[in-house]
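Engineer: Output the structure for:
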Amino acid sequence: MKHEEFEKLSFEDALQKLETIVRDLEGGRIKLDDAVEAYERAVALKKFCEDKLKSAELKIEKIEIDNDGSLKLQPLDGIENNE
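Structural biologist: Okay, the predicted model is just below:
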(Lines give C-alpha, C1' and ligand atoms only; values in the text may rest on other atoms or scores of the structure.)
Protein backbone atom coordinates (compact mmCIF):
# COMPACT_ATOMS: atom_id res chain seq x y z
CA MET A 1 0.00 0.00 0.00
CA LYS A 2 1.49 3.31 -1.05
CA HIS A 3 1.24 6.50 1.02
CA GLU A 4 -1.17 8.00 -1.54
CA GLU A 5 -3.55 5.13 -0.81
CA PHE A 6 -3.51 6.04 2.88
CA GLU A 7 -5.22 9.32 2.13
CA LYS A 8 -8.44 7.40 1.49
CA LEU A 9 -8.28 5.81 4.95
CA SER A 10 -9.75 7.17 8.11
CA PHE A 11 -7.48 7.37 11.11
CA GLU A 12 -9.29 4.42 12.68
CA ASP A 13 -8.93 2.24 9.57
CA ALA A 14 -5.22 3.07 9.27
CA LEU A 15 -4.67 2.30 12.95
CA GLN A 16 -6.48 -1.03 12.58
CA LYS A 17 -4.28 -1.97 9.60
CA LEU A 18 -1.19 -0.99 11.57
CA GLU A 19 -2.27 -3.08 14.55
CA THR A 20 -2.91 -6.08 12.29
CA ILE A 21 0.55 -5.81 10.74
CA VAL A 22 2.18 -5.53 14.18
CA ARG A 23 0.28 -8.60 15.45
CA ASP A 24 1.27 -10.58 12.35
CA LEU A 25 4.91 -9.56 12.67
CA GLU A 26 5.01 -10.32 16.39
CA GLY A 27 3.25 -13.65 15.86
CA GLY A 28 5.70 -14.77 13.18
CA ARG A 29 2.86 -15.37 10.73
CA ILE A 30 4.65 -13.61 7.88
CA LYS A 31 7.48 -15.01 5.79
CA LEU A 32 10.76 -13.11 5.98
CA ASP A 33 10.47 -11.48 2.53
CA ASP A 34 6.92 -10.40 3.25
CA ALA A 35 7.89 -9.24 6.74
CA VAL A 36 10.23 -6.60 5.34
CA GLU A 37 7.48 -5.24 3.11
CA ALA A 38 4.96 -5.40 5.97
CA TYR A 39 7.39 -3.51 8.22
CA GLU A 40 7.74 -0.77 5.58
CA ARG A 41 3.94 -0.52 5.33
CA ALA A 42 3.72 -0.35 9.12
CA VAL A 43 6.22 2.51 9.25
CA ALA A 44 4.26 4.42 6.60
CA LEU A 45 0.95 3.76 8.40
CA LYS A 46 2.48 4.94 11.69
CA LYS A 47 3.60 8.20 10.08
CA PHE A 48 0.17 8.64 8.48
CA CYS A 49 -1.54 8.16 11.87
CA GLU A 50 0.87 10.56 13.56
CA ASP A 51 0.22 13.18 10.87
CA LYS A 52 -3.55 12.77 11.27
CA LEU A 53 -3.28 13.19 15.04
CA LYS A 54 -1.07 16.26 14.69
CA SER A 55 -3.53 17.79 12.24
CA ALA A 56 -6.43 17.16 14.61
CA GLU A 57 -4.45 18.54 17.51
CA LEU A 58 -3.85 21.79 15.63
CA LYS A 59 -7.57 22.18 15.02
CA ILE A 60 -8.56 21.84 18.65
CA GLU A 61 -9.09 25.19 20.29
CA LYS A 62 -10.56 26.32 23.53
CA ILE A 63 -13.25 28.96 23.91
CA GLU A 64 -12.48 31.86 26.22
CA ILE A 65 -14.67 34.72 27.38
CA ASP A 66 -13.10 38.19 27.18
CA ASN A 67 -13.61 40.80 29.88
CA ASP A 68 -16.29 42.41 27.73
CA GLY A 69 -18.19 39.09 27.52
CA SER A 70 -17.30 38.30 23.92
CA LEU A 71 -16.11 34.84 22.95
CA LYS A 72 -12.77 34.11 21.34
CA LEU A 73 -10.89 30.98 20.32
CA GLN A 74 -7.43 30.26 21.68
CA PRO A 75 -5.10 27.38 20.83
CA LEU A 76 -5.46 24.58 23.35
CA ASP A 77 -2.52 24.31 25.77
CA GLY A 78 -0.33 26.77 23.86
CA ILE A 79 -0.53 24.94 20.52
CA GLU A 80 -0.50 27.45 17.72
CA ASN A 81 -2.79 26.88 14.76
CA ASN A 82 -0.52 26.89 11.68
CA GLU A 83 -3.31 26.71 9.13
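Engineer: Can you tell me which helices and strands the biggest helix by length in the chain packs against?
Structural biologist: Longest helix of the chain, by residue count under DSSP state H: helix 32-59. Packed against helix 32-59, as judged by 3 or more CB pairs under 8 Å, 6 or more residues apart in numbering; DSSP states H and E, are the following elements: helix 3-6, helix 11-27. Placement of C-beta: from N, CA and C, glycine included.
Engineer: now the angle between helix 11-27 and that helix, please.
Structural biologist: If you take axes from the mean of the first three to the mean of the last three CA atoms, to 10 degrees, helix 32-59 sits at 150 degrees to helix 11-27.
Engineer: Show me which residues of helix 32-59 are buried.
Structural biologist: Within helix 32-59, the residues that qualify as buried are A38, R41, A42, A44, L45, F48, C49, K52, counting by 16 or more other CB atoms under 10 Å.
Engineer: check contacts around the residue nearest the centre of the chain.
Structural biologist: The residue at the geometric middle of the chain, judged as the C-alpha nearest the mean C-alpha position with CA atoms, centre = their mean, is C49 (2.1 Å). For C49, the contacting residues are F11, A14, L15, L18, taking CB atoms under 8 Å, 6 or more residues apart in numbering as the criterion.
Engineer: and if you look at F6?
Structural biologist: Contacts of F6 (CB under 8 Å, 6+ apart): A14, A44, L45, F48.
Engineer: Determine which two of those are furthest apart.
Structural biologist: Set against one another by CB to CB, the contacts of F6 have their most distant pair in A14 and A44, with a gap of 9.5 Å.
Engineer: Could you list the low-pLDDT ranges of the chain?
Structural biologist: Counting by pLDDT under 70, the chain contains low-confidence residues at 1-4, 76-83.
Engineer: Farthest from the middle of it: give me that residue.
Structural biologist: Each residue of the chain has a distance to the centre, and by CA atoms, centre = their mean the biggest one is for D68: 38.4 Å.
Engineer: Is it located within a strand, as I assumed?
Structural biologist: No. Per DSSP: H, G, I helix; E, B strand; the rest coil, D68 lies outside any strand segment and is coil.
Engineer: can you give me phi and psi for it?
Structural biologist: Recorded main-chain torsions at D68 are phi -90, psi 0, according to degrees, to the nearest 10.
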